[in-house]
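J.: let's see this in three dimensions:
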Amino acid sequence: MKVLVVGLDCAAPELLLGDERLENFRRLMDAGCYGRLESIVPPITVPAWMCMATSQDPGSLGVYGFRNRTNHSYDGLGIVNSRSISALTVWDQVAREGKRSVIMGVPPCYPPRRVNGISVGCFLTPDTSKDVYTSPPEVAREIQQLVGEYPVDVKGFRTNNKPWLRDEIYAMSRKHFTVARHYLKNTDWDYFQLVEIGLDRMHHGFWSYHDPEHVLHVPGNPFRETIRDYYRHLDEELGSLLELLTDDTVVLVVSDHGAQRLDGGFCVNEWLIREGLLVLNSYPEQVTPFAKLDVNWDKTRVWSEGGYYARVFFNVKGREPRGTIEPSEYETFRDEVKARFEATTDPEGKPLGTLVFRPEEVYREVRNVAPDLIVHFGGLYWRSIGGVGYPNLHIQENDTGPDDCNHAQFGSFILASSNNPLSGPIEGAHLLDITPTLLELGGYDALPTMQGRSLTRFAAVGATAQAGGYTPDEEDLVRDRLSGLGYIS
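T.: Predicted coordinates for the structure are as follows:
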């Protein structure tokens with residue numbers, strides 16, 4: 001069996017699965033199974049897509065987000081790239097059995113992954129007009145002839161110019177699907193995966209116009225149908241792909257996480273200062289990113305990186321250069337800090353509903369330099385603001401530009417195949433279950449490192465689950481892009 005995976009970054013289950021006007025998505029739902037798909041902790045694009053492709057959690061991959069500590073220094077943060085993840089993927093297993101793959105936009109995919117077939121870079125590619133972003137390289141010339149300049153993302157995404165943003169997302173998406181159709185028709189493939197980033201950008205740009213519960217929602221606004229219109233556009237694009245397939249094809253529509261309203265930002269390092277856990281030599285006169293703060297490391301015990309979630313780091317003696325926490329006190333102290341985070345409140349003093357995770361409790365293995373704690377403020381209804389200099393702990397403005405939504409823990413999936421024993425809604429599916437399912441339905445051997453299980457196990461029990469690639473200039477460019485997109489703060 002051939003396998004086609006249509007990845008829709010950030011697809012919300014209530015929108016993808018709940019709109020009967022999406023005729024082609026409904027066709028697949030009627031022909032197979034579907035449901036909410038639990039994502040990883042944290043539910044973030046990197047490493048979620050690679051967690052899906054490898055069936056391994058972030059700790060096992062040693063990648064906890066777009067930026068990771070490369071060592072225990074205070075400034076050793078590196079941006080992830082394709083070389084950061086060496087685990088075997090679904091397309092590696094396809095290649096081991098002599099088959100060919102086409103991989104488009106699966107992050108991180110810069111430098112472009114070498115596969116037995118074709119790979120096309122993701123939105124972490126610095127500049128497709130200057131950098132090699134395909135493997136083999138000559139594929140880029142073919143794409144240029146097909147669609148002209150190939151956009152991996154929308155430049156200047158954080159903007160209040162909503163008509164421009166909407167049009168740019170559509171233009172990018174059309175080019176992506178044009179290229180996908182071309183290679184579906186004109187190259188040999190056994191496994192084909194496309195990840196469309198446009199839906200994520202549409203959600204972040206227009207969620208307040210769409211969601212009546214959003215704090216910034218204005219009834220009757222001119223963009224209230226923009227998100228649903230884009231889902232219908234994706235439905236049409238999906239239909240154009242389905243027309244090119246034979247009956248011996250497994251078809252999966254899947255998202256890495258979902259979407260939900262963003263109520264505001266919680267200033268995590270500002271809070272740590274007030275809690276006496278982060279100490280500065282001098283407080284800034286204006287809002288200042290954490291990397292530019294004058295930190296007194298001899299008195300600091302905790303600091304954090306901002307973004308859609310918070311990565312919290314401890315200053316441990318013998319581990320960090322100027323550690324202040326005795327190793328013997330580490331676990332007791334971590335329990336205390338975890339409890340403090342869980343007790344954070346909203347602007348009215350009510351419990352925020354913050355979720356705090358110890359890496360070793362949510363991952364099978366913890367590799368490389370993991371955060372000491374992972375924090376989802378308000379269950380991700382609040383983002384983490386890393387800068388210092390704000391008058392309040394809770395803010396409405398975003399430190400990286402306009403942003404309407406945050407990621408949700410549950411994405412979505414639709415799976416249709418002539419040999420799929422499942423039908424109708426499925427509960428209990430996890431992102432790590434996807435690759436085991438695809439390998440089984442495709443007729444491939446399992447990967448020995450997989451942590452998930454094939455969804456076909458539900459058939460027996462009903463529909464309920466049982467228990468270095470960048471130059472310095474390129475890195476600066478990608479760092480600015482990630483900051484603009486809200487992934488780092």
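J.: in the protein, where's the longest helix?
T.: helix 162-186 (DSSP state H).
J.: now do whichever helix or strand comes after that helix: which elements does it pack against?
T.: Downstream of helix 162-186, the next assigned helix or strand under DSSP states H and E is strand 191-196. Other elements packing on strand 191-196 under the criterion 3 or more CB pairs under 8 Å, 6 or more residues apart in numbering; DSSP states H and E are strand 2-8, helix 90-96, strand 101-104, helix 162-186. Every residue, glycine included, has its C-beta placed from N, CA and C.
J.: which element is Asp480 on?
T.: helix 472-485.
J.: just the mean pLDDT for that helix, thanks.
T.: The pLDDT scores in helix 472-485 average 68.
J.: so where's the protein shaky on pLDDT?
T.: 399, 460-471, 477-479, 481-489 (pLDDT under 70).
J.: circling back to that earlier point, how about JSON lines for the helices and strands packed on strand 191-196, with mean neighbour count and distance to Asp153 added?
T.: Compiled in JSON lines, those are given as follows (neighbours: other CB atoms under 10 Å; distance: least, CB to CB, whole Å):
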{"stretch": "strand 2-8", "mean neighbour count": "24", "distance to Asp153": "15"}
{"stretch": "helix 90-96", "mean neighbour count": "21", "distance to Asp153": "22"}
{"stretch": "strand 101-104", "mean neighbour count": "24", "distance to Asp153": "14"}
{"stretch": "helix 162-186", "mean neighbour count": "18", "distance to Asp153": "7"}
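J.: any chance of those in TSV with distance to Tyr34 as columns?
T.: Formatted as TSV, the helices and strands packed on strand 191-196 follow (distance: least, CB to CB, whole Å):
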stretch	distance to Tyr34
strand 2-8	13
helix 90-96	20
strand 101-104	23
helix 162-186	21
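J.: any idea how far stretch 382-393 is from the chain center?
T.: The chain centroid and the centroid of stretch 382-393 are separated by 22 Å under CA atoms, centre = their mean, to the nearest Å.
J.: what's the span of that stretch from first residue to last?
T.: Distance between the two ends of stretch 382-393: 11 Å, counting by CA to CA, to the nearest Å.
J.: tell me which stretches of the stretch 201-350 of the chain form strands.
T.: Secondary structure of the stretch 201-350 of the chain by DSSP state E, counting those that start in this stretch: the strands cover 249-254, 258-261, 264-267, 280-282, 294-295, 302-305, 310-314.
J.: export those to JSON lines and tack on mean neighbour count and distance to Pro425?
T.: Below are the strands of the stretch 201-350 of the chain laid out as JSON lines (neighbours: other CB under 10 Å; distance: least, CB to CB, whole Å):
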{"stretch": "strand 249-254", "mean neighbour count": "23", "distance to Pro425": "15"}
{"stretch": "strand 258-261", "mean neighbour count": "24", "distance to Pro425": "16"}
{"stretch": "strand 264-267", "mean neighbour count": "25", "distance to Pro425": "33"}
{"stretch": "strand 280-282", "mean neighbour count": "12", "distance to Pro425": "52"}
{"stretch": "strand 294-295", "mean neighbour count": "15", "distance to Pro425": "50"}
{"stretch": "strand 302-305", "mean neighbour count": "24", "distance to Pro425": "38"}
{"stretch": "strand 310-314", "mean neighbour count": "24", "distance to Pro425": "34"}
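J.: and those strands: which comes nearest Arg158?
T.: strand 264-267 (13.9 Å; CB to CB).
J.: quickly run through the sheet partners of that closest one, with directions.
T.: strand 382-385 (parallel), strand 394-395 (antiparallel) (DSSP bridges).
J.: contacts for the first one?
T.: This points to strand 382-385. The contact list for strand 382-385, computed with CB atoms under 8 Å, 6 or more residues apart in numbering, reads 262-270, 304-310, 352, 375, 377, 394-395, 398-399, 403, 406, 486, 489.
J.: list the buried residues in that strand.
T.: Within strand 382-385, the residues that count as buried by 16 or more other CB atoms under 10 Å are 382-385.
J.: between these, which is nearest Met1?
T.: Arg383 (41.0 Å).
J.: and that closest one, what are its bridge partners?
T.: Gly265.
J.: distance check, it against Gly306.
T.: 7 Å (CB to CB, to the nearest Å).
J.: show me where the stretch 101-250 of the chain has its helices.
T.: Under the criterion DSSP state H, counting those that start in this stretch, helices of the stretch 101-250 of the chain are mapped to 139-147, 162-186, 198-210, 226-242.
J.: and Trp91, what does it touch?
T.: With contact taken as CB under 8 Å, 6+ apart, Trp91 is in contact with 53, 101, 103, 115-117, 191, 193.
J.: pick out whichever of those sits closest to Asp335.
T.: Once CB to CB is applied, the member of those that ends up nearest Asp335 is Ala53, at 34.8 Å.
J.: dihedrals phi and psi, that closest one?
T.: phi -70, psi -30 (degrees, to the nearest 10).
J.: please name the nearest non-neighbouring residue to it.
T.: Once flanking residues are discounted, Ala53 sits nearest to Thr89: 4.2 Å by CB to CB, 6 or more residues apart in numbering.
J.: of the helices and strands packed on strand 191-196, which approaches Phe206 most closely?
T.: Closest approach to Phe206 among the helices and strands packed on strand 191-196 is made by helix 162-186 (6.9 Å; CB to CB).
J.: could you check the angle helix 226-242 makes with the closest one?
T.: Put simply, helix 162-186 runs at 10 degrees to helix 226-242, going by axes from the mean of the first three to the mean of the last three CA atoms, to 10 degrees.
J.: on that earlier part again, quick check: the farthest pair among the buried residues of strand 382-385?
T.: Among these, Trp382 and Ile385 lie farthest apart (CB to CB), at 9.0 Å.
J.: let me see the domain layout of the protein.
T.: Domain assignment for the chain, taken from automatic domain parsing, gives 2-260+406-485, 264-402.
J.: got CSV for the buried residues of strand 382-385, with distance to Glu342 too?
T.: As requested, those are exported to CSV (distance: CB to CB, whole Å):
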residue, distance to Glu342
Trp382, 14
Arg383, 18
Ser384, 15
Ile385, 19
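J.: out of the residues you listed, which is nearest to His203?
T.: Distances from His203 to those, taken by CB to CB, are shortest for Arg383, at 13.7 Å.
J.: so that closest one versus His376, what's the distance?
T.: Applying CB to CB to Arg383 and His376 gives a distance of 10 Å.
J.: any residues in contact with both of the two?
T.: With CB under 8 Å, 6+ apart as the test, Arg383 and His376 both reach Tyr309.
J.: tally of neighbours for Ser208?
T.: 21 (other CB atoms under 10 Å).
J.: excluding chain neighbours, what is closest to Val287?
T.: Gly389 (3.9 Å).
J.: neighbours of the one you found, just the number please.
T.: Neighbours of Gly389 (other CB under 10 Å): 15.
J.: nothing else from me, thank you.
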